[in-house]
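Colleague: Next come a sequence and a model predicted from it.
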Amino acid sequence: MTAPRAVLDLDGDDPASRTDHRRIAGDLADTQWLPRGSVLGAAAALLPDHPVLRRIGVCAFPAAALAVLVCLVVGHAGAARWTALLVLAAYVMAVAIVVPARLDALALLRLPAATVVGLGVLLSLTPRWWLASGGWKVGLGLMLVAGCYVVFESRMHGVDRGPALFRGAYVWVVGLLHAFVLSMVFLGFVVPVMGENGQCLAGWWSSGPFTARQLSLDCQRTVDATVAAAPAGVLLLMTGWSLAIGLVAQILWDDRPVTSPLGRLRRIRGTRP
């Protein structure tokens, strides 16, 4: 389904008309396309005459997050954690400063916000989560649960099965990439400093991502274990946990679809800002 040209034509000569059209396009994206999980529909409504910018808005973060994943998989974990930090900083700066008003809806800000909540909960737990070698199975299961939920959310808004699967798959992948990048930043910079016995994870990036980490003698006595789980398994657990728990938390704090804009107040009456 494409954006209606009669409503969303933004190329008129009248500035007031263009402003009204942008407002209508933003309202359509916020209230019609995004709650149904259609990020592509929202992009078409907000950028009807700019297909290149539309693709950049939809694909920029996933492409950057995949670059972080490739760095990790090929064994450059140290580079991956710094790349993740750079991607996160660029994402925040772009959304806060560079992206025009209303286009921030395409960033799906509820996904990283929910992920941070999930990681905060995980950080408060005992070190068992980064010691258990089978933790990645829990992470994988939670990923699948999160995917089913985002598809179900689209279905609850009247979307047919086929489109709901497609839209849910896109939102799910973007959510996983957000969770992965944030998990990489947390594991690389936050957990070794603020996590319980996190000092035992300092320097994990110096070894292979698929190799269990040998703990020092002091850490062995402290956590009663000789090795920590492989970094890749820990990241898989963190990614699945943070996304799934974050989605549950965002339902509780604000009963709106996860694709809805974050913290937007709709102006019903009053003067134009």
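Modeller: Received, thanks. Numbering: from 1, shown residues only.
Colleague: Tell me the buried residues in stretch 68-76?
Modeller: Going by neighbour count (16 or more other CB atoms under 10 Å), the buried part of stretch 68-76 is 68-69, 71-72. For the C-beta atoms, the positions are set from N, CA and C on the backbone; glycine is no exception.
Colleague: separation between residue 246 and residue 203?
Modeller: Distance, residue 246 to residue 203, by CB to CB, to the nearest Å: 28 Å.
Colleague: what does residue 245 give?
Modeller: Taking CB to CB, one finds residue 245 at 27 Å from residue 203.
Colleague: Kindly report the same for residue 130.
Modeller: Residue 130 is 14 Å from residue 203, by CB to CB.
Colleague: do residue 77 as well
Modeller: Where residue 203 is concerned, residue 77 sits at a distance of 10 Å (CB to CB).
Colleague: Per-residue pLDDT of the nearest residue to residue 213 once chain neighbours are set aside, please?
Modeller: Closest residue to residue 213 apart from its sequence neighbours, by CB to CB, 6 or more residues apart in numbering: residue 228 at 4.2 Å. At residue 228, the model reports a pLDDT of 92.
Colleague: for residue 142, same thing?
Modeller: 96.
Colleague: Roughly how far does it sit from residue 42?
Modeller: 27 Å.
Colleague: Mind checking which of residue 246 and residue 203 has more residues around it?
Modeller: residue 246 (28 against 11; other CB atoms under 10 Å).
Colleague: Just to check, the more buried one is in contact with residue 120?
Modeller: No: between residue 246 and residue 120 there is no contact under CB atoms under 8 Å: 9.2 Å.
Colleague: tell me the secondary structure for residue 211?
Modeller: Judged by DSSP: H, G, I helix; E, B strand; the rest coil, the three-state class of residue 211 is coil.
Colleague: Report the contact partners of the residue lying closest to it once chain neighbours are set aside.
Modeller: Leaving aside its chain neighbours, residue 211 sits nearest to residue 230 (5.7 Å; criterion: CB to CB, 6+ apart). The contact partners of residue 230, taken as CB atoms under 8 Å, 6 or more residues apart in numbering, are 133, 208-213.
Colleague: let's go with 10 Å and repeat that
Modeller: By CB atoms under 10 Å, 6 or more residues apart in numbering, the contact set of residue 230 is 133, 135-136, 204, 207-213, 236.
Colleague: same question, residue 175
Modeller: 108, 110-112, 114-115, 143, 146-147, 149-150, 239, 242-244, 246-247, 258-259.
Colleague: Quick check on it: phi, psi?
Modeller: The phi/psi pair for residue 175 (degrees, to the nearest 10) reads phi -60, psi -40.
Colleague: can you pull the contacts of residue 69?
Modeller: Taking CB under 10 Å, 6+ apart, we find residue 69 in contact with 80, 83-84, 176-177, 180-181, 184, 235.
Colleague: If we use 7 Å, what do you get?
Modeller: Contact analysis of residue 69 by CB atoms under 7 Å, 6 or more residues apart in numbering lists residue 180.
Colleague: Now do the SS call for it.
Modeller: Put simply, residue 69 is helix when judged by three-state DSSP.
Colleague: burial of residue 223, as a residue count?
Modeller: Neighbours of residue 223 using other CB under 10 Å come to 18.
Colleague: Residue 224 now?
Modeller: Around residue 224 there are 9 residues (other CB under 10 Å).
Colleague: what sits against residue 114?
Modeller: The contact partners of residue 114, by CB under 7 Å, 6+ apart, come to 246-247, 249-250, 258.
Colleague: make it 6 Å
Modeller: Under the criterion of CB atoms under 6 Å, 6 or more residues apart in numbering, the contact list for residue 114 reads 246-247, 250.
Colleague: Using pLDDT, spot the least trustworthy of the residues you listed.
Modeller: residue 250 (82).
Colleague: Not counting sequence-adjacent ones, nearest residue to that one?
Modeller: residue 114 (4.3 Å).
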